[in-house]
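A.B. asks: sequence and predicted structure below; questions after.
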Amino acid sequence: MQVAPYGRCWAHLSAEELQQAVSTLEPGDDLDLRGTTLRERRLTRILGAFHDHNSRGLLIGNASFENSQFEGSASFGSAVFNGEVRSFEAKFKGKADFYAAKFNSYAGFNNAEFGYADFEKAEFSGGVVSFKYVKFHETAEFTDTKFSHRVEFTGADFQDWAPFSGARFIQEARFGGVQFRGIASFQRTDFSDLADFGCTEFASEADFTGARFSDETRFGASKFGDNAWITDCTFSGKAGFSEARFSGGAWFSKTRFKGDVTFAHAKFDSDAIFDNVDFGGDAEFSEVEVKGMTRVGPSTIGGEFALYGFNASGTVEINAAPNRITCKRANFADRVFLSLAGGNLWLTDSKFAAPASIESSLRSETGADWGLVQVRSLRGTDAEHLTLTDVDLGHCILSGLRRPEQLRLAGRCVFAPTPRGWYWRSRVVPWWWTARGALFEEHLWRASPDSPGPHTGWASPQSMDEETGEATPERLEVLYRQLRSSLEGASNEPGAADFYYGEMEMRRRASRNKSERWLLSGYWLISGYGLRGSRALFSVVALIFLAALVLQRTGFAGSMPGYLYCALYATGSVLSISLANGHLPTVLTVWGDVIRIVLRIGGPVLLGLAAFAVRGRLKR
């Protein structure tokens, strides 16, 4: 820029010309150094004319530094720029000192180059701030800097340490495509509007400890070459880490996501740590790959925790109070431990290559009782290494579970209880429902129009959030039999007895052989498949009273004895003792002998079934 009236730029003025040109300037004037190469001493001489004695700092109007080159230090510390600052393609080879400077209008540094850039405690309050495609060869200091309007660092290159600790971004902060080759520090930084770090590369550590994100945050497709410390942060809006790549450890400890957060298609080459993280909305980890350890918790999850296509090579530990966890098509290569305080868990089409344990956190740290976690689906999941402890399976779809006989059920796992109370069987006979644990699929079948008997009291398929599959007696018989072995392996005899009852019920319903069906129906009627002691005892009593009636009429030769003595005789025949000697005729008729044989065989059998039923309920 030529200086009037000399026709030459500031760098080529003589000492006398420089003195005269400087004397024409005063604080608040515009400063035009476009295309000029200045040494530190001459720049200091020029800036002396802008020194304001009242504020004891520089007072400059418009500042034009396009294509300028500053050979030494450029000292603008505590300067006040009341006009626009344009430093496009400027080069600051020494220290660029803008410490505590105030920019009251637009400030543009696009394509500029800095050695050591000091913007600590600077205030950009007048308009848009642009550092697009700027190169910082040394430290770029933005500690406690305040940006009141939109600021853009798109495409900037930080080749050394970049501290933004304590900085405040009142409006949008755009760091898309930025390269941080040194440590990037955003400790205690406040982002009041959009924070865009999409496609940003952090070659060294990225430290966001204590940062506050009040609006949407974007880290999509960002690359973290070293440890990423996103700890003790607050994300008030939606947070996106889709397709991000974490080559070092990723630490999200004590962070709070008030809105939804997504890590879809992200890759963690090391550990992914989410200690004491609160998820206020949905947390999506779809198609995420973690090569190190994954640890979540203790945490609360307000929305859905989605693990669609989640791929973990290391151990996985989740300790949370969730609303809903959906794990579908996940692949776990190492140990898995899920300790969940209530909530719902969908575990579908997933694989466990090492021991996996899912349990309910029955008590919180304060001693409050939590409910059991409700496992809603195990369809397509391989149960070879899976252990369920203290979980609620009352609404769980188990059809399609792979190797169900190897599923381990520990603690007090709860299944769907059958209806209780009186009902009319075949609309004629009053009948009492006996409580037992049943599979949810049986509820769905019992409630369907294809099932005989009353449909009330059974669960409805409308309560499910996904397809339930085909529930038929043939399928349920096999599933009951396979799962019964799991309960027997856990020494849960009462639970195994319930599943044996369910297996026999489905076998009776599915049987197409009339003789077999009649046999199973009789077995069910007189003893509840050997599991209902009260029914077996009632059958013994009914047998005795019926036998006494036959004995009274046709059992003894001679006169008809009293009914009470016949009942005592029938009871003695069952127990193999004499209870009515001297009160009955001594000679039996043919029918009497038949009845006695029936009592000698049928009575002990029924008593034995009752004893086995009681033992099955009490055995552990």
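C.D. replies: Now that the structure is in, tell me what you want to look at. Everything numeric in this text was worked out from a predicted model, so none of it was measured.
A.B. asks: contacts, neighbours, all on C-alpha from now
C.D. replies: OK.
A.B. asks: and stretch 208-217, how far out from the chain's middle?
C.D. replies: Centroid displacement of stretch 208-217 relative to its chain, using C-alpha atoms, centre = their mean, to the nearest Å, is 21 Å.
A.B. asks: shaky segments in this protein?
C.D. replies: The model of the chain has pLDDT under 70 over residues 1-7, 362-370, 421-433, 453-455, 460-470, 579-587, 613, 615-620.
A.B. asks: flag every buried residue along the longest helix along it.
C.D. replies: Counting residues, the longest helix in the chain under DSSP state H turns out to be helix 590-618. For helix 590-618, burial by neighbour count (16 or more other C-alpha atoms under 10 Å) applies to 592, 595-596, 599-600, 602-604, 606-614, 616-617.
A.B. asks: and for stretch 539-549?
C.D. replies: 539-541, 543-545, 547-549.
A.B. asks: for stretch 435-452, same thing?
C.D. replies: 436-448.
A.B. asks: closest one of these to residue 377?
C.D. replies: Using C-alpha to C-alpha, residue 440 is the member of the buried residues of stretch 435-452 that sits closest to residue 377, with 10.3 Å.
A.B. asks: relative to residue 376, how far out is the nearest residue to that closest one once chain neighbours are set aside?
C.D. replies: Spatial nearest neighbour of residue 440, chain neighbours left out: residue 395 (5.4 Å); criterion: C-alpha to C-alpha, 6 or more residues apart in numbering. Using C-alpha to C-alpha, to the nearest Å, we find residue 395 at a distance of 6 Å from residue 376.
A.B. asks: contacting residues around the residue nearest to residue 440?
C.D. replies: 374-376, 415-416, 440 (C-alpha atoms under 8 Å, 6 or more residues apart in numbering).
A.B. asks: how about 7 Å then?
C.D. replies: By C-alpha atoms under 7 Å, 6 or more residues apart in numbering, the contact list for residue 395 reads 376, 416, 440.
A.B. asks: pretty sure the second one sits against residue 435.
C.D. replies: No - applying C-alpha atoms under 7 Å, one finds residue 416 not in contact with residue 435, separated by 10.1 Å.
A.B. asks: returning to that earlier point: of the contacts of residue 395, which is the nearest to residue 197?
C.D. replies: residue 376 (37.7 Å).
A.B. asks: can you confirm that closest one is in a helix?
C.D. replies: No - Residue 376: not assigned to a helix; according to DSSP: H, G, I helix; E, B strand; the rest coil it is strand.
A.B. asks: show me what contacts it?
C.D. replies: Here residue 376 is in contact with 344-346, 393, 395-397 (criterion: C-alpha under 7 Å, 6+ apart).
A.B. asks: ok, of the residues you listed, which come out buried?
C.D. replies: Looks like the contacts of residue 376 have 344-346, 393, 395-397 buried, using 16+ other C-alpha under 10 Å.
A.B. asks: got a markdown table for these, with secondary structure too?
C.D. replies: Listed next are the buried ones among the contacts of residue 376 as a markdown table, based on three-state DSSP:
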| residue | secondary structure |
| --- | --- |
| 344 | strand |
| 345 | strand |
| 346 | strand |
| 393 | coil |
| 395 | coil |
| 396 | coil |
| 397 | strand |
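A.B. asks: next, format those as a markdown table and append distance to residue 95.
C.D. replies: Formatted as a markdown table, these follow (distance: C-alpha to C-alpha, whole Å):
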| residue | distance to residue 95 |
| --- | --- |
| 344 | 58 |
| 345 | 58 |
| 346 | 58 |
| 393 | 67 |
| 395 | 68 |
| 396 | 67 |
| 397 | 68 |
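A.B. asks: run through the helices of the stretch 501-620 of the chain in chain order.
C.D. replies: 514-527, 533-550, 563-575, 590-618 (DSSP state H, counting those that start in this stretch).
A.B. asks: now find how far off-centre the longest one is within its chain.
C.D. replies: The chain centroid and the centroid of helix 590-618 are separated by 56 Å under C-alpha atoms, centre = their mean.
A.B. asks: got the contact list for the residue nearest to residue 591 when sequence neighbours are not counted?
C.D. replies: Take residue 591 and drop its neighbours on the chain: the residue closest to it by C-alpha to C-alpha, 6+ apart is residue 555, 5.6 Å away. Counting by C-alpha under 7 Å, 6+ apart, residue 555 touches 588-589, 591-592.
A.B. asks: how about residue 396?
C.D. replies: So residue 396 contacts 375-377, 440 (C-alpha under 7 Å, 6+ apart).
A.B. asks: distance-wise, check it relative to residue 374.
C.D. replies: For residue 396 relative to residue 374 (C-alpha to C-alpha), the value is 8 Å.
A.B. asks: shouldn't residue 373 be in contact with residue 342?
C.D. replies: Yes - under the criterion of C-alpha under 7 Å, residue 373 makes contact with residue 342 at 4.0 Å.
A.B. asks: between those two, who's got more neighbours?
C.D. replies: Between residue 373 and residue 342, counting by other C-alpha atoms under 10 Å, residue 373 is the more crowded of the two (27 against 24).
A.B. asks: any idea how far residue 358 is from the more buried one?
C.D. replies: Counting by C-alpha to C-alpha, the gap from residue 373 to residue 358 is 9 Å.
A.B. asks: now residue 150
C.D. replies: Counting by C-alpha to C-alpha - residue 150 and residue 358 are separated by 48 Å.
A.B. asks: before we move on, what about residue 392?
C.D. replies: Counting by C-alpha to C-alpha, the gap from residue 392 to residue 358 is 11 Å.
A.B. asks: cool, residue 495 as well?
C.D. replies: 19 Å.
A.B. asks: looking at the two, which is more packed in?
C.D. replies: It is residue 495, of residue 495 and residue 358, that has more neighbours when counted by other C-alpha under 10 Å, with 25 against 21.
A.B. asks: can you name the residues that contact that one?
C.D. replies: residue 487.
A.B. asks: go again with 10 Å.
C.D. replies: 412-415, 436-438, 484, 486-488, 501, 616-617, 620 (C-alpha atoms under 10 Å, 6 or more residues apart in numbering).
A.B. asks: the residue lying farthest from the centre of the chain and residue 552, how far apart?
C.D. replies: Ranking residues of the chain by C-alpha distance from their mean position (C-alpha atoms, centre = their mean) puts residue 558 at the top, at 82.7 Å. Distance check for residue 558 against residue 552: by C-alpha to C-alpha, it reads 11 Å.
A.B. asks: need the helices for the stretch 1-150 of the chain, in chain order.
C.D. replies: 15-23, 40-47.
A.B. asks: same list (the ones you listed) but as a markdown table, adding distance to residue 259 and mean neighbour count.
C.D. replies: Shown next, in a markdown table, are these (distance: least, C-alpha to C-alpha, whole Å; neighbours: other C-alpha atoms under 10 Å):
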| stretch | distance to residue 259 | mean neighbour count |
| --- | --- | --- |
| helix 15-23 | 57 | 13 |
| helix 40-47 | 49 | 16 |
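A.B. asks: so for residue 262, which of those helices sits nearest?
C.D. replies: Using C-alpha to C-alpha, the nearest of the helices of the stretch 1-150 of the chain to residue 262 is helix 40-47, at 49.8 Å.
A.B. asks: other SSEs contacting that closest one?
C.D. replies: helix 15-23, strand 57-60, strand 74-75 (3 or more C-alpha pairs under 10 Å, 6 or more residues apart in numbering; DSSP states H and E).
A.B. asks: having no further points to raise, I will conclude here.
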